[in-house]
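Engineer: What follows is a predicted protein model with its sequence.
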Amino acid sequence: MAKAAGMTSSITRRWLRGGLLITMILVILAEALFLYSIYGTLYGGVQQAVFNRFSTIEGQLRATGTAGDAGETAATRSQALRRIVELFDEKDKFEFMLLDASGNVLITSSGTFSKELDGGDDVYQAMTGDSGSGVSTFRTSAGERVMAVTMLVPYAADGITAMRMVTSLTLVDRQMTQYTLISLGLALLVLGVTVWNGLFFVRSIVLPLGRVEAIATRIAAGDLTVRLPQPRYNDEIGRLCATINQMAEALAETERMKNDFISSVSHELRTPLTSIKGWVETIAARGSADDEITRRGMAVISSETDRLYAMVEDLLDFSRLQNGVKLDCQVLDLVAEATDAALFVEPRMQKEGLRLIYEEPPEPYPVWADPARLRQVFVNILDNAVKYSRPGGSITLLLSRTSSTVTAAVRDEGRGISPDDLEKVRLKFFKGKNAVRGSGIGLAVVDEIVRALGGTLEIQSTLGAGTTVSVTLPAYHSGQEHLHDPLHLPDAPPGASPPAPGG
């Protein structure tokens, strides 16, 4: 499931970098454009309202006949403007004031004067700019935001140079805050829905793909009994799941046919080999002792028959390994089992000119294991050591233990295994560069048995200097027999000696 988690992380990260990031950028841009538009509408509306009132005042001047009348004096216009300020009926919304050429306040609609409202950027803009008007926004000492708009009087008015209106922005700011909060809430809602919908969609892809990956990994490891659940949707993923299930079924059928073929061929080969072996022994016993060619031929035939017989046993072992049977575990003494296996292989070592170095520990090493399978492990490893050792060398069998494990290590002084082949020697039918004759499944069978017993198989080798094969099993403790379900492994022939390994 770690791979599935990695896949989830990878696809989700790609979605975050792609779709969600683009959505966030678009939402932020839309939010910014909306707030900019609202800001211009609200604050621009206030500014426009002030200019509308200035236009109204200019209209009042025209209505009284003081505007544009060459016969009227500037003093008359001044009086008319002052009267308009005094009679200004929107004192609750605007502070209306008249300014002189220096920007000083001459009169206000409220009749009072606040030093805070004196001067300002708007006055400067109106006095110096080409448009004859100016706008500024600032805060009073009480923290209130206000907008001030100044406009030059279009006609000479006896010391009155400009009109100025100041209005509070509290309501506008409050409205702007409301719009901002509402828009941010909508943006977060859009992002939330996008994230939820995106994650839902991503999970609808990632979780099935995770299951597909897990099942495909188990199939690649050789477990052809697993199947993907029936997909909910008949989409690409659903069809992929159905295809993988069909593939697994086809592989399982092919594997079954292969195992049946191996088992059938192996059994068919055993019968003629047994006959050949028996007749060779009979002819050798009845032949002339002086016939050197006959003796040599019988020896070659017998040797090759033994080798073929061992290969047939390997094929049968492999077939049983694929089909599987239950282990018959019990409390065993690892020392006794290793000693029996060493005694079984020692005659062959002596025949090959090899020396066995083995010091039997005085105390037992109890383990929970199948006696036939455990002996098969030791015999296979020792047989491989003999097969790859040079004449005159030695093979060391070393037993050791810790508080929780027991280990049996077999070290030879043979040709060794190349680094490229070291990780592959446990594979079924693999034969390395330095391999000798054999079926190539001996260590594969050993690895299966050791793993089934809850142990580990370690192989260390130096090319040209020898190989060390170590088997580590859990030390027996009370109740261990209840910790494992029945395990499936190749069935040993009843009453037969452990088969010779294929290298």
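Structural biologist: All right, it came through fine. Predicted model only: the values in this text are computed from it and were never measured.
Engineer: Bridging across strands, which residues link to the residue lying closest to Q47 once chain neighbours are set aside?
Structural biologist: Taking CB to CB, 6 or more residues apart in numbering, and ignoring the residues beside it in sequence, Q47 has V135 as its nearest neighbour in space, at 5.6 Å. Where you see a C-beta, it was placed from the backbone N, CA and C, and this is true even at glycine. Counting by DSSP bridges, V135 forms beta bridges with V149.
Engineer: show me where the chain has helices.
Structural biologist: Ranges of helices within the chain are 2-15, 21-63, 74-86, 121-128, 170-220, 236-286, 292-323, 334-351, 371-387, 419-422, 442-452, based on DSSP state H.
Engineer: Just name the most buried of those.
Structural biologist: Each of these was scored by mean neighbour count; the highest is helix 371-387, a mean of 24, by mean count of other CB atoms under 10 Å.
Engineer: Give the other helices and strands that it contacts.
Structural biologist: Other elements packing on helix 371-387 under the criterion 3 or more CB pairs under 8 Å, 6 or more residues apart in numbering; DSSP states H and E are strand 330-333, helix 334-351, strand 394-401, strand 405-411, helix 442-452, strand 466-474.
Engineer: closest one to I84 among the ones you listed?
Structural biologist: Checking the helices and strands packed on helix 371-387 against I84 by CB to CB gives helix 442-452 as the closest, at 102.6 Å.
Engineer: could you list every residue that touches M165?
Structural biologist: Counting by CB atoms under 8 Å, 6 or more residues apart in numbering, M165 touches V50, R53, F54, F94, E95, F96, M97, A148, V149.
Engineer: so how far is P361 from it?
Structural biologist: 107 Å (CB to CB, to the nearest Å).
Engineer: before we move on, back to that, do you know which of the helices of the chain lies nearest Y155?
Structural biologist: helix 74-86 (5.6 Å).
Engineer: which residues are contacting that closest one?
Structural biologist: With CB under 8 Å, 6+ apart, helix 74-86 has contacts from 57, 60-61, 64, 66-67, 96-98, 107-109, 153, 155-160, 163.
Engineer: what angle do that helix and helix 21-63 make?
Structural biologist: Counting by axes from the mean of the first three to the mean of the last three CA atoms, to 10 degrees, helix 74-86 points 130 degrees away from the direction of helix 21-63.
Engineer: Please compute how far helix 74-86 lies from its chain's middle.
Structural biologist: Distance of helix 74-86 from its chain centroid, counting by CA atoms, centre = their mean, to the nearest Å, is 81 Å.
Engineer: P366: which of the helices and strands packed on helix 371-387 is closest?
Structural biologist: Closest approach to P366 among the helices and strands packed on helix 371-387 (CB to CB): strand 330-333, 5.7 Å.
Engineer: Mean confidence (pLDDT) on the closest one, please.
Structural biologist: Taken as a whole, strand 330-333 carries a mean pLDDT of 90.
Engineer: What about the nearest residue to L327 once chain neighbours are set aside, how many residues nearby?
Structural biologist: Once flanking residues are discounted, L327 sits nearest to D370: 4.4 Å by CB to CB, 6+ apart. D370 has 21 neighbours, counted by other CB atoms under 10 Å.
Engineer: where does the chain have its least confident helix or strand?
Structural biologist: Across the helices and strands of the chain, mean pLDDT, DSSP states H and E gives its lowest value to strand 488-489, namely a mean of 44.
Engineer: before we move on, back to that, right, so of the helices of the chain, which gets closest to R411?
Structural biologist: Going by CB to CB, the one of the helices of the chain nearest R411 is helix 371-387, 7.8 Å.
Engineer: Next, work out how far apart E448 and M151 are.
Structural biologist: 97 Å.
Engineer: same question, Q175
Structural biologist: Taken as CB to CB, the span from Q175 to M151 is 25 Å.
Engineer: now swap in R239 and tell me
Structural biologist: Using CB to CB, R239 is found at 75 Å from M151.
Engineer: so where is the stretch 151-300 of the chain shaky, pLDDT-wise?
Structural biologist: By pLDDT under 70, the low-scoring segments of the stretch 151-300 of the chain are 261-270, 284, 286-295, 297.
Engineer: same question but for the stretch 351-500 of the chain, I mixed them up
Structural biologist: Checking the stretch 351-500 of the chain against pLDDT under 70 turns up 424, 426-441, 479-500.
Engineer: at 80 instead, please
Structural biologist: 418-445, 464, 477-500 (pLDDT under 80).
Engineer: tell me the contacts of V406?
Structural biologist: Here V406 is in contact with L334, Y365, V367, L399, S400, T472, L473, P474, A475 (CB under 8 Å, 6+ apart).
Engineer: do you know how far the fifth one is from A408?
Structural biologist: This points to S400. Taking CB to CB, one finds S400 at 8 Å from A408.
Engineer: These two - which one has more neighbours?
Structural biologist: Between S400 and A408, counting by other CB under 10 Å, A408 is the more crowded of the two (26 against 13).
Engineer: does the more buried one really touch L397, like I thought?
Structural biologist: Yes: taking contacts as CB atoms under 8 Å, A408 lies within contact range of L397: 7.1 Å.
Engineer: so what sits against both of the two?
Structural biologist: With CB under 8 Å, 6+ apart, A408 and L397 have common neighbours A338.
Engineer: Of all the helices and strands packed on helix 371-387, which one is nearest L20?
Structural biologist: Comparing those by CB to CB, helix 442-452 comes nearest, at 44.5 Å.
Engineer: Taking strand 466-474 as reference, get the angle to the closest one.
Structural biologist: Using the same axes, to 10 degrees: helix 442-452 against strand 466-474 is 20 degrees.
Engineer: how far out from the middle of the chain is helix 442-452?
Structural biologist: 32 Å.
Engineer: now that helix and helix 371-387, what's the angle there?
Structural biologist: Going by the same axes, to 10 degrees, helix 442-452 makes 140 degrees with helix 371-387.
Engineer: Summarise which helices and strands helix 442-452 is packed against.
Structural biologist: So helix 442-452, by 3+ CB pairs under 8 Å, 6+ apart, packs with helix 292-323, helix 371-387, strand 456-462, strand 466-474, strand 488-489.
Engineer: These: which one's closest to R211?
Structural biologist: Minimum separation from R211 across the helices and strands packed on helix 442-452 (CB to CB) falls at strand 488-489, 24.4 Å.
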